[in-house]
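Enquirer: here is my input, please return the structure:
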Amino acid sequence: MKFLFLGLLFLSFSHSGFSQNDKQKQLETRRQELRREIQKINALRAENKSKEKSELSQIEDFNYKISVLNNLIKVTNQQANLLTREINNNQKQITDLRNELKLLKEDYAAMIVKSYKSRNQQSRIMFLLSSNDFKQGYKRLQYMKQYTNHQKQQGETIKSKTAELQQINKDLLVQKEDKQKLIVENRTTQKTLEKERAQHQSLMASIRKNLSKYASQIKAKQREADRIDREIERIIKAAIASSRKKSGTKTTSSTSTFSLTAEEKVLASNFVSNKGKLPWPVEKGFVKLGYGTQRSPVDRSLTIKSNGVRIATEKGTKARAVFEGVVSRIILIKNANPIVMIRHGNYITAYKNLGKVSVKEGDKVSTKQEIGEVFTNPTTGETILNFIVFKDLQTQNPASWIYKM
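Expert: Coordinates of the predicted model:
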């Protein structure tokens with residue numbers, strides 16, 4: 001009964017260990033992603049070091065890097081805490097195994113003593129011959145065989161449990177080393193974070209001296225973004241009206257969905273089935289501004305409305321289609337860089353702020369096909385792609401569609 005309890009206890013620890021290992025792998029994957037993200041930010045900063053970035057752009061950079069550093073510290077802490085729990089579990093397993101081994105060895109020692117006392121072959125024969133009948137003699141013979149087998153099994157169990165104990169001790173040493181490495185890394189990350197925060201606060205102090213000027217710049221940028229977004233919306237509305245007219249579907253003022261052909265329905269269905277697995281619209285980069293309405297990092301009384309995501313990337317980076325489709329429109333607006341729109345049934349992806357365009361309207365494109373080059377601001381050195389996803393007229397959060405965005 002005692003051994004059964006210890007066995008069940010060990011199984012419960014094993015199950016817990018598997019789930020903790022899975023969690024540890026997930027955390028490690030996330031930690032490496034965040035580290036790569038920081039490397040991208042540092043590389044782009046180094047690339048643009050000689051350029052005079054605007055204070056607003058610098059604040060965005062600081063905010064994003066601080067956010068990533070905070071996430072890295074959080075994930076590393078979670079890993080360290082999980083390792084602490086694993087270490088505690090292993091230490092308990094070691095204690096339980098030692099107790100179990102002690103009982104096994106005591107039991108084994110008692111059997112050896114008993115075997116020694118009855119080692120005389122004549123004693124064994126007498127034990128069999130003193131049976132009252134054949135049935136009892138047979139049972140005694142079987143007992144002697146079972147006893148011998150039990151001795152061997154007990155010896156093997158002790159051997160395997162000893163090896164298991166040694167392995168857990170090794171694992172424990174590795175876990176303690178891993179935990180120490182995480183603690184050291186976290187201290188380094190914390191120092192970097194403090195440095196970034198100090199620079200951020202210094203820049204914010206400078207901005208606050210002339211906050212009205214920067215507030216005006218933010219409003220002007222928002223107006224420009226709104227102007228471009230309205231033009232995109234107008235073009236999509238016209239495309240919807242055209243699709244409904246071609247299909248003979250009645251068009252009303254409230255109609256805001258495409259009328260699709262059979263081929264377009266299949267394309268839209270394939271696009272949806274790849275939600276969360278679509279490739280990035282650039283090979284390298286990070287999201288500098290996310291989707292949705294958010295507070296301005298400079299003036300908290302102002303809001304920034306983002307219909308898509310703003311991706312910072314390297315000079316000369318090619319924009320690429322995130323899924324197969326048809327180039328429905330190339331938009332050229334006064335005082336703005338070209339925009340490529342690709343239709344995937346009733347879904348549209350828009351690629352804003354291109355310097356060069358390598359496709360034309362009506363072209364069929366494949367997943368990851370280059371459609372142009374992202375514009376690099378010659379003054380700031382920044383290379384930013386604005387990427388939007390639409391379902392009919394409604395914008396979608398690109399992070400829900402793009403793999404690990």
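
Enquirer: now the strands for this protein?
Expert: Secondary structure of the chain by DSSP state E: the strands cover 286-289, 292-295, 303-306, 309-313, 318-320, 325-331, 339-344, 347-352, 354-357, 364-365, 370-374, 383-391, 394-396.

Enquirer: so which of the ones you listed is nearest Ala220?
Expert: Closest approach to Ala220 among the strands of the chain is made by strand 303-306 (12.3 Å; CB to CB). C-beta here means a position set from N, CA and C on the backbone, and glycine is covered the same way.

Enquirer: name the residues that touch the closest one?
Expert: Ile218, Gln222, Ala225, Asp226, Leu289, Gly290, Tyr291, Gly292, Thr293, Gln294, Arg295, Ser296 (CB atoms under 8 Å, 6 or more residues apart in numbering).

Enquirer: of those residues - the most surrounded one?
Expert: Tyr291 (22 neighbours; other CB atoms under 10 Å).

Enquirer: return the residues in contact with the closest residue to it other than its chain neighbours.
Expert: Spatially, and ignoring its direct neighbours in sequence, Tyr291 is nearest to Asn397 (4.3 Å; CB to CB, 6 or more residues apart in numbering). Asn397 makes contact with Tyr291, Gly292, Val389 under the criterion CB under 8 Å, 6+ apart.

Enquirer: burial count for Val184?
Expert: When neighbours are counted by other CB under 10 Å, Val184 comes out with 10.

Enquirer: repeat that for Ser54.
Expert: Neighbours around Ser54, by other CB under 10 Å: 14.

Enquirer: now stretch 259-278: buried residues?
Expert: Using 16 or more other CB atoms under 10 Å as the test for burial, stretch 259-278 gives Ser259, Leu260, Glu264, Leu267, Ala268, Phe271, Asn274, Leu278.

Enquirer: same question for it, mean pLDDT?
Expert: The average pLDDT for stretch 259-278 rounds to 97.

Enquirer: who touches that stretch?
Expert: Contacts of stretch 259-278 (CB under 8 Å, 6+ apart): 240, 243-244, 246-247, 249, 258, 322-325, 343-347, 400-403.

Enquirer: please repeat the previous calculation with a cut-off of 7 Å.
Expert: 243-244, 247, 249, 322-323, 325, 344-347, 400-403 (CB atoms under 7 Å, 6 or more residues apart in numbering).

Enquirer: can I get that stretch as PDB, trimmed to CA atoms?
Expert: Extracted in PDB, the C-alpha atoms of stretch 259-278 (Å, rounded to 0.1, in the frame of the first residue of the first chain):
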ATOM      1  CA  SER A 259     -21.000  40.900 -54.300                       C
ATOM      2  CA  LEU A 260     -18.600  38.100 -55.000                       C
ATOM      3  CA  THR A 261     -18.200  35.700 -57.900                       C
ATOM      4  CA  ALA A 262     -17.700  32.000 -57.200                       C
ATOM      5  CA  GLU A 263     -13.900  32.400 -57.700                       C
ATOM      6  CA  GLU A 264     -13.800  35.400 -55.300                       C
ATOM      7  CA  LYS A 265     -15.700  33.400 -52.700                       C
ATOM      8  CA  VAL A 266     -13.100  30.700 -52.800                       C
ATOM      9  CA  LEU A 267     -10.300  33.300 -52.500                       C
ATOM     10  CA  ALA A 268     -12.000  35.000 -49.500                       C
ATOM     11  CA  SER A 269     -12.500  31.600 -47.800                       C
ATOM     12  CA  ASN A 270      -8.800  30.700 -48.300                       C
ATOM     13  CA  PHE A 271      -7.800  34.100 -46.900                       C
ATOM     14  CA  VAL A 272     -10.000  33.500 -43.800                       C
ATOM     15  CA  SER A 273      -8.600  30.000 -43.300                       C
ATOM     16  CA  ASN A 274      -5.100  31.500 -43.100                       C
ATOM     17  CA  LYS A 275      -6.100  34.000 -40.400                       C
ATOM     18  CA  GLY A 276      -3.200  34.300 -37.900                       C
ATOM     19  CA  LYS A 277      -0.800  32.500 -40.300                       C
ATOM     20  CA  LEU A 278      -0.300  35.200 -43.000                       C
END
